[in-house]
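quick one: sequence plus predicted model below, questions after.
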Amino acid sequence: MIKKINKFINQGLILALLIGPVVPVMPIDPPATNQPVRPIGFGFNQPVSLMFSASIGPIFSLGKTKATVRTKDAIDITKNSASLKGEITDTGAYSNLEAWFDYGTSKSYGQITYIKYNVKKSGDILIPVSDLSSCTLYHFRAVVKNDSGISHGVDKTFKTNCPSFNVRMSVKNLSRGDTIWYESLKANPSDELIFKIEVGKKEDDKVKDIMARVNLASNIIYQGDLKVDDNPQTKNITAEAVSIGDILENKLITVTFKGKVASESNFSSAGTTDLTNTVLVYNNQTSNSDNCKIMITRGSNAANIGMLATEVSTGITAGILNSILFPALLAFLIVWVFKSKFIGLDKLIEERKREIIEYRAKKELEKKINQIRDRIL
């Protein structure tokens, strides 16, 4: 009975194809299980699929296929979040689809986005993900589903941002008696120095296992006395990296050590030599660095050693001259001029007094004359 039905439908299909352009069609025997078979031909405007059923034979389905999707680069990446992006390029002739992303730290993924897009046409999809680990490589792929099945985009990766921290390096000249830390200063040969490194952060995450290493310029000699937060250390921070611990929110780690400028014989000529010293602070995820500069003056200019214009002056010598001596001298000079007869000030003052007295007497006389005149009239 089934063979007769199949023969009848195949004959009907041949007749339908003959109405349009002539298309060769091969008879198809029903397979053992349900699966689509696409006949060779182009007589229909849409692709033709034949579904065989064990009970009723071939069933037609026009243009229905799996959707296709493309994975795009992730955007808006931070330490703990990112936005995953993809594009549905073909809906498979369905008007209702679901789309999402698989993601994880390997190609096995293991997680899916908590939002599923219900889409009706092709276009971009964008889904944010959060609660990610910082400084970590993630894999992801776009996924789309319709009634014909599930399709996947290619695998792509992104790396979350690493925690950051700030580093500052400064120096004091002990031989000069500095009380302030400077990022750059002047010094003489053989001056003794002390260096300070500060490492800190304002973010709310923790940076673990921080190391520090210093590169001193030539002719700056390491003198030891290394301390991390005032705790003595036996290592030479210029020869090997030193562990300074973990950095927590609003915590400041301070590293200090001593150094010395080489003797004058190590500087070949008179004038100023700039020596830049650098510190590198790092862990297995991120790093930062800073430097400080020492300007060595040798020869005739050494007598003119002083602080840079950006350094804070004590103001003792200039302050006394400007705030006490000069105003006092000026006041004394003014008093002397007025009391002396050097410019005849006494005569000028007497003449001025007489003029004032005469003017007042004249006014008083005019007043009395006017009163007498008013009585007579």
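Ah, there it is.

if I've got this straight, Lys362 is in a strand?
No. Under DSSP: H, G, I helix; E, B strand; the rest coil, Lys362 falls outside any strand and is assigned helix.

tally of neighbours for it?
Look at Lys362: counted by other Cβ atoms under 10 Å, it has 10 neighbours. No exception for glycine: its C-beta is placed from N, CA and C like everyone else's.

check Ile77 too.
Ile77, neighbours per other Cβ under 10 Å, totals 16.

is it true that it touches Phe158?
Yes. Assessed by Cβ atoms under 8 Å, Ile77 is found in contact with Phe158 at 5.7 Å.

how about the nearest residue to Ile127, chain neighbours excluded?
Nearest non-adjacent residue to Ile127, counting by Cβ to Cβ, 6 or more residues apart in numbering: Thr113, 4.5 Å away.

show the contacting residues for that neighbour.
Counting by Cβ atoms under 8 Å, 6 or more residues apart in numbering, Thr113 touches Leu84, Trp100, Phe101, Tyr103, Ile127, Val129.

and of these, the nearest to His139?
Comparing the contacts of Thr113 against His139 with Cβ to Cβ picks out Tyr103 as the nearest, at 6.6 Å.

residue boundaries of the helices in this protein?
Here the chain has its helices, by DSSP state H, at 2-19, 316-320, 326-339, 345-376.

list the buried residues of stretch 201-220.
For stretch 201-220, burial by neighbour count (16 or more other Cβ atoms under 10 Å) applies to Lys201, Val207, Ile210, Met211, Ala212, Arg213, Val214, Leu216, Ala217, Asn219, Ile220.

run through the residues that contact the nearest residue to Phe140 once chain neighbours are set aside.
Of all residues not flanking Phe140 in the chain, Tyr103 sits nearest, at 3.9 Å (Cβ to Cβ, 6+ apart). Shown in contact with Tyr103 (Cβ under 8 Å, 6+ apart): Leu84, Tyr109, Gln111, Ile112, Thr113, Val129, Tyr138, His139, Phe140, Arg141.

okay, the second one: pLDDT?
Looking back up the chat, that one is Tyr109. The model reports Tyr109 with a pLDDT of 95.

how close does it get to Asn188?
Separation of Tyr109 from Asn188 (Cβ to Cβ, to the nearest Å): 65 Å.

which one of the buried residues of stretch 201-220 sits closest to Arg176?
Relative to Arg176, the closest of the buried residues of stretch 201-220 is Ile220; by Cβ to Cβ it sits at 15.6 Å.

so that closest one is in contact with Thr276, correct?
No. Look at Ile220 against Thr276 with Cβ under 8 Å: they stay out of range, at 9.5 Å.

residue contacts, Lys120?
Thr91, Ser95, Asn96, Leu97.

what about 10 Å?
With contacts taken as Cβ atoms under 10 Å, 6 or more residues apart in numbering, Lys120 has the following neighbours: Thr91, Tyr94, Ser95, Asn96, Leu97.

could I get those as CSV with distance to Ala361 and pLDDT?
Shown next, in CSV, are these (distance: Cβ to Cβ, whole Å; pLDDT from 0 to 100):
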residue, distance to Ala361, pLDDT
Thr91, 116, 89
Tyr94, 119, 87
Ser95, 116, 84
Asn96, 116, 85
Leu97, 115, 89
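
so which of these is the most crowded?
For the contacts of Lys120, the largest neighbour count, defined by other Cβ under 10 Å, is 23 neighbours, found at Leu97.

low-confidence bits of the stretch 101-250 of the chain, can you list those?
202-204 (pLDDT under 70).

swap the cut-off to 50 and go again
By pLDDT under 50, the stretch 101-250 of the chain has no low-scoring segment.

how close does the residue nearest to Asn236 when sequence neighbours are not counted sit to Thr254?
The shortest distance from Asn236 to any non-neighbouring residue, by Cβ to Cβ, 6+ apart, is to Tyr222 (6.3 Å). Applying Cβ to Cβ, the value for Tyr222 to Thr254 is 18 Å.

swap in Asp205?
21 Å.

so Ala262 makes contact with Ser218?
Yes. Using Cβ atoms under 10 Å, Ala262 is in contact with Ser218, at 8.2 Å.

which neighbours do the two have in common?
Leu275.

can you count the residues close to Leu333?
Leu333, neighbours per other Cβ under 10 Å, totals 10.

before we move on, what about Asn277?
When counting by other Cβ under 10 Å, one arrives at 20 neighbours for Asn277.

going forward, count from 39.
Let's use 39 as the start, then, which means that last one is Asn315.

what residues are bridge-paired with it?
Beta bridges link Asn315 to Cys330, judged by DSSP bridges.
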